[in-house]
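J.: 3D, please:
(one chain, ligands or ions: 2)
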Amino acid sequence: MPRATLSYNSASPLLKSVPGSYPYRGEILCNRALNMSKIKAVGFDMDYTLAMYNSEQFETLSATLALEKLVNVLRYPKELLSVQYDHSYFIRGLVVDKERGNIIKLDRHKYVKRALHGFKVLSKEERTDIYDQITKSGGGFAEPRFAVLDAMFALPDAFLFGSVVQYKDDHPGEIAQDYKQIYRDVRSSVDMCHRDGSIKDLVAKEPKRFILRDPSLIPMLRKLKRSGRKVFLLTNSLWNYTDTVMSYLYEEGENGRWIDLFDVIITGSAKPAFLLNPRLPLFRCDPADGTLRNTEGVYGESAEEYLSRGKCFQGGNYTHLHDMLSVSNGTQLLYVGDHIYSDVLRTKRTLGWRTMLIVPELEHEINTLYDEKTRSLREEIEEMRDKRNDIDEWVDRLEGELVSDENVTPARSAHVRQELSTARKELQSSREQIGTRVEEYHGRFHRIWGQLFKTGMQNSRFAEQVENYACLYTSRVTNIGLVSPEMYWRAMNDLMPHDRLSKSPMYRVLSRRAEPGCSKFVDE
Ligand SMILES: Nc1nc2c(ncn2[C@@H]2O[C@H](COP(=O)(O)O)[C@@H](O)[C@H]2O)c(=O)[nH]1
Ligand SMILES: [Mg+2]
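T.: Numbers count the residues shown, from 1 in each chain. Ligands and ions are numbered 1, 2, ... in the order given. As a prediction, the model looks like this:
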């Protein structure tokens, strides 16, 4: 049989540009170059990373059970039980203003560009009144007043908070608690459902309803192991639940057990504390029944000897993990997770771990971004912005004309003012038209919050965190299996305004000035 030749087709038209309407194929995107040959260990978070949930089912369960706690335990009005959870209403990256009863979306400069009070959209004036001062004073939009929806698990919190705030406003006198207390109660109800087994027992009973199986998961993990890297699991879920979920993900008919896929397994890790506090104690966990025994971690022996007595643990901290993986510093380790703060921001900032963020929303985001209609709308907005910039420039020139010459005659001044008034009206109408089109554009991504990675035309706060802290990001963990484990991930060129000089307003002003007969006004 002739040997197949490996060839590299660099002339493929598909390589040149993204075609008209482009369906996402599982690309992993790179913010910061990463040479996989330098990576000795690859670790995975479990929930919403290895285990992808049917978020509609999971969140609805979590919200329904939490509502029951709010009403039956915390004595909120029983009418709230009729609230129907809408899993598509809120998105990750939003911020809860506990004091005001609002949920807001910020751009990367921390301007609030969209806000809801309960389910009522706040006007621009209302937003500015409440938040501009916080933005201008460099405010953090952080705890204790604010809470960020960092994970999918937090979306029911937002919906329940919105529902109770709305109910309080619509039924004066029925809920005595202020907005802050309502948030605390919602948070503790959801928290309770995660801790007391109400959610997990149901998931364990009917995993098929809540967990999405992906047949390429186990081959991807095996491929990584075959590449010679240590593979580890680091999850906040406790042993019993981890065992239930991982056993379900481990396809029926597979040889061996799911724990064979990993070199080290740490459950109940209490991230982010695991990444910050080197004194947190470690326990050995018996995979047969989940019983725990104290251990000091690798001490006075090699990691191999230590792990030969068992590789399942609970708790501990990053020093235990680094010792077990025999890595001398965090940069030799890639961690894959879905939680922008615990799995990505904290791991990278504190320990220098290389990071990959799982963003299930990316599939919809990219499919919409490269959809024909979205593209043509984007081009139309670009053209409208160019025209608006022309008018902007004309207004600037007219304003300049008024102050440039001390000896301007009253007739000339009146003429300029007349022109200016017309131009300002044009400018206002152009801004409004752009605003309407931008709303329409964002509506293509999400009916209330728009594009996840943008706020208006700027990057959203979520996008900024992804860009700053996730070396890589993709929609699902199994995309790792689509490429070689030796991949050299290279980042694209960063673009600053001067890299796109022709788009800068001043470039336009100066270029136009250099044209012969440049000014309508001066020529008159
Ligand atoms: N006690 C609470 N546990 C929560 C809450 N939201 C999520 N969770 C649990 O955390 C882990 C996440 O595991 P990881 O694999 O992503 O590290 C999972 O067991 C969730 O049930 C909460 O509000 N309170
Ligand atoms: Mg997770």
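
J.: So for this structure, the centremost residue is which one?
T.: Closest to where the C-alpha atoms of the chain average out (C-alpha atoms, centre = their mean) is residue 462, at 5.0 Å.

J.: how about the residue nearest to it when sequence neighbours are not counted, secondary structure?
T.: The shortest distance from residue 462 to any residue other than its chain neighbours is 2.8 Å, reached at residue 93 (C-beta to C-beta, 6 or more residues apart in numbering). Placement of C-beta: from N, CA and C, glycine included. Secondary structure, DSSP: H, G, I helix; E, B strand; the rest coil: residue 93 is coil.

J.: wait, what's in contact with residue 93?
T.: The neighbours of residue 93, taking C-beta atoms under 8 Å, 6 or more residues apart in numbering as the test, are 105, 148, 149, 150, 340, 452, 460, 461, 462, 463, 465.

J.: Can you redo the residues you listed as JSON lines, where the extra columns are pLDDT, distance to residue 61 and secondary structure?
T.: Output for the contacts of residue 93, formatted as JSON lines (pLDDT from 0 to 100; distance: C-beta to C-beta, whole Å; DSSP: H, G, I helix; E, B strand; the rest coil):
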{"residue": "105", "pLDDT": "97", "distance to residue 61": "26", "secondary structure": "strand"}
{"residue": "148", "pLDDT": "96", "distance to residue 61": "23", "secondary structure": "strand"}
{"residue": "149", "pLDDT": "96", "distance to residue 61": "18", "secondary structure": "coil"}
{"residue": "150", "pLDDT": "93", "distance to residue 61": "20", "secondary structure": "coil"}
{"residue": "340", "pLDDT": "96", "distance to residue 61": "23", "secondary structure": "helix"}
{"residue": "452", "pLDDT": "97", "distance to residue 61": "24", "secondary structure": "coil"}
{"residue": "460", "pLDDT": "96", "distance to residue 61": "28", "secondary structure": "strand"}
{"residue": "461", "pLDDT": "94", "distance to residue 61": "29", "secondary structure": "helix"}
{"residue": "462", "pLDDT": "96", "distance to residue 61": "25", "secondary structure": "helix"}
{"residue": "463", "pLDDT": "97", "distance to residue 61": "30", "secondary structure": "helix"}
{"residue": "465", "pLDDT": "95", "distance to residue 61": "28", "secondary structure": "helix"}
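
J.: phi, psi of residue 103?
T.: The phi and psi values for residue 103, taken as degrees, to the nearest 10, are phi -130, psi 130.

J.: correction: residue 449
T.: Residue 449 has phi and psi values of phi -100, psi -10 when expressed as degrees, to the nearest 10.

J.: same thing with residue 230?
T.: According to degrees, to the nearest 10, residue 230 has phi -80, psi 140.

J.: so who does the residue nearest to residue 420 when sequence neighbours are not counted touch?
T.: In space, residue 420 comes closest to residue 398 once its chain neighbours are excluded; the distance is 4.5 Å by C-beta to C-beta, 6+ apart. With contacts taken as C-beta under 8 Å, 6+ apart, residue 398 has the following neighbours: 416, 419, 420, 423, 521.

J.: Wait, residue 339 touches residue 45, no?
T.: Yes. Proximity of residue 339 to residue 45 meets the contact threshold set by C-beta atoms under 8 Å, at 7.0 Å.

J.: Now for the two: what residues contact both?
T.: residue 271.

J.: Apart from its neighbours in sequence, what residue is nearest the residue in the stretch 101-250 of the chain that ligand 2 sits nearest to?
T.: With C-beta to the ion as the measure, residue 151 is the residue of the stretch 101-250 of the chain nearest to ligand 2, at 6.6 Å. Of all residues beyond its chain neighbours, the one nearest residue 151 is residue 339 (4.8 Å), with distances taken as C-beta to C-beta, 6+ apart.
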